[in-house]
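Asker: Got a sequence here, can you model it:
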Amino acid sequence: MAESNRRARLDTPRDVRRQLVRRPARDTDRFGVFAEQFARFMGTATFLFYMTVFVVFWLVWNIAAPKDLRFDDYPFIFLTLMLSLQASYAAPLILLAQNRQESRDRVLAEQDRQGDSRAHADMEFLAREMASLRMALGEVATRDYLRSELRSLLSDLEGRSDRAERSEDPDEAAAG
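Answerer: Reported below is the predicted structural model:
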């Protein structure tokens, strides 16, 4: 009685059933790679050339061949069926390839966005560092400032030595 009550409740998970026949595992990535290669091939001039040769051969054979060797006697109904079959398989494969490319593009866009945000943060950090260095340099004597100060001191010293020489000359002249 308690067992039937437990199974009737909706909040209790069911017992897991074992499968008698094991399904083969599918490698979706391998199939996706195949779909991409197929879609890439269908977009080439080689594919268009092969399809054109195939259709022309089909038309010529079924028009020019003897009646007993033709395989599409009616107005190319079998050719239409073959092309429709090819299109019905090509469309989902192309969509699968596009979905995989979209997923890759989404991942790349996210990586680009993260890289851009890191670069932006780095630039902001460097700008703050440059501003702090400029402020610190405002308080430190620069090379140009020291040169100008040394030049002014040198000119002061030269001026003093000139005055001292002039003041020594009149004394020597008066003493002599």
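
Asker: give the contact list for residue 73.
Answerer: 62, 67 (CB atoms under 8 Å, 6 or more residues apart in numbering). C-betas here are computed from N, CA, C, even on glycine.

Asker: any idea how far residue 56 is from it?
Answerer: Residue 73 is 18 Å from residue 56, where distance means CB to CB, to the nearest Å.

Asker: where are the low-confidence patches of this structure?
Answerer: Applying pLDDT under 70 to the chain flags residues 1-8, 13, 16-19, 24-25, 169-176.

Asker: so the residue nearest the centre of the chain is in which element?
Answerer: Nearest to the mean C-alpha position of the chain, counting by CA atoms, centre = their mean, stands residue 108 at 3.7 Å. Using DSSP states H and E, residue 108 maps to helix 77-139.

Asker: chain center to that helix, what's the gap?
Answerer: 4 Å (CA atoms, centre = their mean, to the nearest Å).

Asker: and the next element down the chain from that helix?
Answerer: In N-to-C order, the element after helix 77-139 by DSSP H and E is helix 143-175.

Asker: Pull out the buried positions in stretch 116-123.
Answerer: Residues of stretch 116-123 classed as buried by neighbour count (16 or more other CB atoms under 10 Å): none.

Asker: what does stretch 48-62 give?
Answerer: Buried residues in stretch 48-62 (16+ other CB under 10 Å): 58, 62.

Asker: next one: that stretch to chain centre, how far?
Answerer: Worked out by CA atoms, centre = their mean, stretch 48-62 lies 41 Å from the chain centre.

Asker: again with stretch 60-67
Answerer: 54 Å.

Asker: ok, residues contacting that stretch?
Answerer: 69, 70, 71, 72, 73, 76, 79.

Asker: switch the cut-off to 6 Å
Answerer: 70, 72 (CB atoms under 6 Å, 6 or more residues apart in numbering).

Asker: Check stretch 136-154 too.
Answerer: Contacts of stretch 136-154 (CB under 6 Å, 6+ apart): none.

Asker: One more: stretch 35-49?
Answerer: 93, 94, 96, 97.

Asker: what's the farthest-apart pair in those?
Answerer: Distance extremes for the contacts of stretch 35-49: the farthest pair is 94 and 96 at 7.3 Å, using CB to CB.

Asker: Check the offset of the helix or strand in which residue 37 is found from the chain's centre.
Answerer: Assigned by DSSP H and E, residue 37 falls within helix 28-42. Its chain's C-alpha centre and that of helix 28-42 lie 21 Å apart, by CA atoms, centre = their mean.
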